[in-house]
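[1] Just the structure for this:
(chains A and B)
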Amino acid sequence: MSNEWPLWEVFIRGQHGLSHRHVGSLHAPDADMAIKNARDVYTRRNEGVSIWVVEARHIAATAPGDKGPLFEPSESKVYRHPTFFDIPDEVGHM
Amino acid sequence: MVRDDFLFEYLLRLGDNTLILGHRVSEWCGHAPVLEEDIALANTALDMIGQTQMWLGLAAEVEGKGRNADALAFTRDVWDFRNLLLVEMPNGDFGQTLMRQFLFDAFHSILLGRLMTSSDTRIAGIAAKASKEVSYHLERSAETVVGLGDGTEQSHERMQAALDYLWPYVGEAFIGDTVDAEMVAAGIAPDPASLRAEFDEIVTRVFAEATLKLPESRFAHKGGKTGNFHTEHLGHLISTLQWLQRAYPGCTW
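    All right, here's what the predicted structure looks like:
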């Protein structure tokens, strides 16, 4: 519908040092209002120190139907996990 | 030293502004045009109720008659309220609500900025805490006024109508009386008239951007902050606000 505000995806950084995480989406007429709405909808219980918003149409995504060719080939390649090294005891916990 | 009865009166004005507008804005809860605005309005209302607890809490302390913020909010009669007429005006449509909010936020943010340097540290402390919330309220309401004023033909007309309707209730905020003069003399609060230039600057800038025409008349309805003459709207609001404490005095849950 053309008279609906566009959809925005919201990313919040919970604490300094952590990365922004996708927390949800909302509608807003522009980026400034999207940030304000995100502040009011998603950070009212002290959840955030930084907000990113991006209009949903700008996010390119994989199609669920492609998950076979995209993701299944890596299922059988355990040698890609670095679990075959002998770690010397002196190294301790990694 | 300022007399306690003058200070009490002044604190009631601060607390009643936020109590009555907080209640008005809370009337939108569950009714706003979109979810995002609904939550934003509820947040704004809650901020103002929080500020009310601080102002009326301090008022009760200054009064020293064993009342608390709840007693002041829920058991005074309509003629005891000292809020500006502007904040008791009905919500109208969403545009009128946001226009009222913007006009009050602009005044409120300037006032709190001055109160932060009050000679009374309790008042300065409350003002510092509230002013962070109110800066955001002003940013949000100003942006919405611009968005709707400079929006569609219909939104523009509604915003202009809201401004024309509410403008005569703006001037009261800048008219001082004996209570104000006592506060000024004690260094507690600014002369209301001294806030007008900054207020005019904000509204002129925002209304220009919103393509709205500022009414020329400076006629001001008054009587709210002195309690001499409220509008017919306040009594209805108070009866909704207070019915539970009136029906079940002292009830807690």
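
[2] Check residue 36 and give its pLDDT.
    Picked chain A for this. With respect to pLDDT, residue A:36 scores 95.

[3] To clarify, I was referring to chain B.
    Value listed for residue B:36 in the pLDDT field: 94.

[4] Grab the longest helix from chain A for me.
    Longest helix in chain A by number of residues (criterion: DSSP state H): helix A:31-42.

[5] For it, name the packing helices and strands.
    Where contact means 3 or more Cβ pairs under 8 Å, 6 or more residues apart in numbering or on different chains; DSSP states H and E, helix A:31-42 is packed against strand A:7-13, strand A:21-27, strand A:50-55, helix B:35-63, helix B:121-149. C-beta coordinates here come from the backbone N, C-alpha and C atoms, glycine included.

[6] Skip ahead from the fourth one and say which helix or strand is next.
    Read in the C-terminal direction, the helix or strand following helix B:35-63 is helix B:69-75, with elements assigned using DSSP states H and E.

[7] can you count the residues close to the closest residue to chain A within the stretch 101-250 of chain B?
    The stretch 101-250 of chain B approaches chain A most closely through residue B:140 (5.6 Å), counting by Cβ to the nearest Cβ. A count of neighbours around residue B:140, defined by other Cβ atoms under 10 Å in any protein chain shown, yields 25.

[8] for residue B:90, same thing?
    For residue B:90, using other Cβ under 10 Å, the count is 14.

[9] And residue B:164, by the same measure?
    Neighbours of residue B:164 (other Cβ under 10 Å): 15.

[10] any residues touching the host helix or strand of it, and which ones?
    Residue B:164 is part of helix B:153-166, with elements assigned from DSSP H and E. With contact meaning Cβ atoms under 8 Å, 6 or more residues apart in numbering or on different chains, helix B:153-166 is reached by B:86, B:89, B:92-93, B:95-96, B:98-100, B:103, B:145, B:148-150, B:207, B:210-215.

[11] quick revisit: tell me the angle the longest helix of chain A makes with strand A:21-27.
    110 degrees (axes from the mean of the first three to the mean of the last three Cα atoms, to 10 degrees).

[12] Return a PyMOL selection command for the buried portion of the contacts of helix B:153-166.
    Paste this into PyMOL to select the buried members of the contacts of helix B:153-166, with burial taken from 16 or more other Cβ atoms under 10 Å in any protein chain shown:
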select buried, chain B and resi 86+89+92+95+96+98+99+100+103+145+148+149+207+210+212
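
[13] Chain A contacts on chain B?
    Within chain B, the positions adjacent to chain A are B:34-36, B:39-40, B:43, B:136, B:139-140, B:143, B:147 by Cβ under 8 Å from any Cβ of the partner chain.

[14] Could you rerun that using 6 Å?
    B:36, B:39-40, B:43, B:140 (Cβ under 6 Å from any Cβ of the partner chain).

[15] related to what we said a few turns ago, what separates the residue of the stretch 101-250 of chain B closest to chain A from residue B:147, distance-wise?
    In this view, residue B:140 and residue B:147 are 10 Å apart by Cβ to Cβ, to the nearest Å.

[16] Quick check: pLDDT value at the residue lying farthest from the centre of chain B.
    The outermost residue of chain B, judged against the average C-alpha position, is residue B:153 (29.2 Å), by Cα atoms, centre = their mean. Looking at residue B:153, its pLDDT reads 97.

[17] and if you look at residue A:69?
    87.

[18] likewise residue A:3?
    Value listed for residue A:3 in the pLDDT field: 73.

[19] Pull the number of nearby residues for it.
    5.

[20] Mind telling me what element it is part of?
    With DSSP H and E as criterion, residue A:3 is part of no helix or strand.

[21] Let me see the contact set for residue B:184.
    Residues in contact with residue B:184, defined by Cβ atoms under 6 Å, 6 or more residues apart in numbering or on different chains, are residue B:191.

[22] right, I mislabeled it, should have said residue B:21
    Taking Cβ under 6 Å, 6+ apart as the test, what residue B:21 contacts is B:48, B:87.

[23] name the element it belongs to?
    helix B:4-26.
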